[in-house]
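[1] A predicted structure for the sequence below; I have some questions about it.
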Amino acid sequence: MEFVVQGGRRLEGTLRVDGAKNAALPILAASVLTEDAVHLTGVPDILDVRRMGDILQILGCDVQHTGGTYRVCAQSMHKSEMPDALSKQIRSSIFLLGPILSRFRKATVTYPGGCEIGLRPIDLHLSGLRALGVDVQEDGGVIRCDGSHMHAGDVHLDYPSVGATENVIMAAVCLPGTTTIHNAAREPEIVDLCRFLGCMGGKIEGAGSATILIEGVKRLHGTTYTPMPDRIVAGTLLCAGAITGGEVELTNVPVEDLHAVCAKLREMGCVLHEEADIIRLIAPQRLTAFSMLQTQPHPGFPTDMQAQMLALLSVAEGTGVIVENVFENRFGHAGDLNRMGARILCSGRTAIVRGVENLTGAHVTARDLRGGAALTLAALRAQGETIVDHAELIDRGYDHLEDQLNRLGAAVKRISST
Ligand code: UD1
């Protein structure tokens with residue numbers, strides 16, 4: 001599938017932001033922690049979420065899905081082995097390890113897949129579970145976990161991994177006693193997962209800080225929940241306004257969680273108004289380069305917005321540097337931006353960008369989800385037509401990005417390759 005983009009249009013208008021992928025995925029995984037039905041609303045209709053629903057069904061759960069509403073009932077769940085092929089397609093399948101262990105005291109998973117943006121090992125997930133007494137055996141890409149002697153305990157993460165923090169929380173929420181996670185990730189989606197578990201009867205304190213305390217409860221019960229809105233989708237749409245010199249208003253925005261992104265957009269000359277859950281952006285005709293951006297775990301600048309900022313920096317006035325600290329191989333989109341006329345020099349984790357006045361339409365290829373979104377943003381600004389190949393990768397995290405952009409006045413066509 002490809003996006004065909006006619007560039008050069010100024011974006012203007014209002015959009016409502018959908019539920020967050022990175023909140024919905026662990027929340028769907030956590031739904032199997034109870035035998036009661038869980039109702040979720042406002043879930044984004046994106047590929048990774050649908051695949052997670054498929055995995056839950058294969059494990060024996062009853063999953064019903066209409067639009068943004070999911071009903072998951074794990075009463076009939078009987079499998080503790082993750083389906084091989086699907087798990088390889090989404091990295092978030094690893095989120096099921098903690099919940100399956102909690103349910104069955106055993107789990108078998110294969111190494112997960114996902115976007116090609118680095119090595120993405122799962123050693124932190126496994127060492128966290130080992131600290132809870134899980135016996136983990138790795139054998140030719142298959143991981144067999146025996147949780148018969150699981151217990152609450154102290155978990156120290158060497159690095160604040162989002163997924164590892166979530167997995168340990170889900171494994172521990174029903175273990176008798178207190179589990180403490182030290183050096184936990186502080187991403188807002190972790191706070192959202194803990195809020196959801198709280199609605200199910202879980203007792204968790206400290207989510208959003210580096211120390212999380214989990215008081216194990218006997219059982220969790222069903223609930224109805226709406227995952228938080230997607231701060232990365234919101235950030236991407238603000239960037240679409242910014243790169244086209246436009247005016248964009250977004251509603252249902254987790255404003256507090258977007259400070260790092262908004263600060264950079266202001267540095268580039270955009271005017272932003274924040275009010276309750278609404279953000280308005282007014283962009284100058286030409287952006288100004290920031291001197292330096294470094295991605296960091298939250299509350300630092302999110303790695304999932306790095307590619308989009310690289311697109312913006314490509315057309316800004318001046319020279320700027322981006323350092324990618326979270327993933328070791330996340331500049332795959334730079335070469336394609338250069339094909340469009342950008343001047344980006346990458347070395348290891350650093351990209352040095354000399355802003356150009358204009359980009360030119362070209363045939364480019366999405367190599368990962370956010371990189372694909374960044375190329376689409378660049379295409380909005382480029383003169384002439386751009387084809388973004390492999391745009392199906394963008395569907396992993398955006399619900400019809402082309403429709404959202406078109407509602408703001410863009411001209412993006414989805415062409416299916418048959
Ligand atoms: C989550 C997000 C992803 C985001 C990332 C960082 C979801 C579904 N995905 O991914 O969009 O880009 O956080 O904000 O929520 N690492 C290890 N060993 C591990 C685990 C991670 O070395 O066991 C490394 C990774 O290779 C990476 C870094 O830690 O370099 C961050 O990864 P992590 O925070 O775990 O990201 P994910 O949970 O995979």
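    Ah, there it is. Numbers count the residues shown, from 1 in each chain.
[2] Just say helix, strand or coil for L175.
    Classification of L175 using DSSP: H, G, I helix; E, B strand; the rest coil returns coil.
[3] Can you pull the phi/psi pair for it?
    When read as degrees, to the nearest 10, the backbone of L175 gives phi -90, psi 130.
[4] do T165 as well
    For T165, the backbone dihedrals (degrees, to the nearest 10) come out as phi -60, psi -40.
[5] Residue ranges in the chain under the pLDDT threshold?
    Within the chain, the ranges that satisfy pLDDT under 70 run 113-120, 418.
[6] how does it look with 80?
    Counting by pLDDT under 80, the chain shows low-confidence ranges at 86-91, 111-120, 140-141, 417-418.
[7] who in it is up against the ligand?
    For the chain, the contact set with the ligand under CB under 6 Å from any ligand atom comprises 22, 25, 91-92, 118-125, 159, 161-164, 185, 189, 303-304, 326-327. Where you see a C-beta, it was placed from the backbone N, CA and C, and this is true even at glycine.
[8] 5 Å instead?
    Contact residues, the chain versus the ligand (CB under 5 Å from any ligand atom): 22, 25, 92, 120-125, 161-163, 303-304, 327.
[9] for A30, helix, strand, or coil?
    helix.
[10] Could you measure from it over to T303?
    Remark: distance between A30 and T303 (CB to CB, to the nearest Å) = 24 Å.
[11] pretty sure L369 contacts H390?
    No: taking contacts as CB atoms under 8 Å, L369 lies outside contact range of H390: 10.5 Å.
[12] just the helices in the stretch 101-250 of the chain please.
    Applying DSSP state H, counting those that start in this stretch to the stretch 101-250 of the chain gives helices spanning 123-130, 162-172, 188-199, 231-243.
[13] In a markdown table, list those along with mean neighbour count.
    Below are those laid out as a markdown table (neighbours: other CB atoms under 10 Å):
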| stretch | mean neighbour count |
| --- | --- |
| helix 123-130 | 21 |
| helix 162-172 | 27 |
| helix 188-199 | 23 |
| helix 231-243 | 28 |
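[14] ok, back up a step: when L369 and H390 are compared, which one has more neighbours?
    Ranked by neighbour count (other CB atoms under 10 Å), L369 and H390 place L369 first, with 24 against 18.
[15] For the more buried one, give its distance to L157.
    Here the criterion is CB to CB. By it, L369 lies 25 Å from L157.
[16] And for E324?
    Counting by CB to CB, the gap from E324 to L157 is 21 Å.
[17] Comparing these two, which shows the higher neighbour count?
    Neighbour count, other CB under 10 Å: between E324 and L157, E324 has more, with 23 against 20.
[18] right, and that one touches R349 too?
    Yes: between E324 and R349 there is a contact under CB under 8 Å: 4.8 Å.
[19] what's the neighbour count on T179?
    24.
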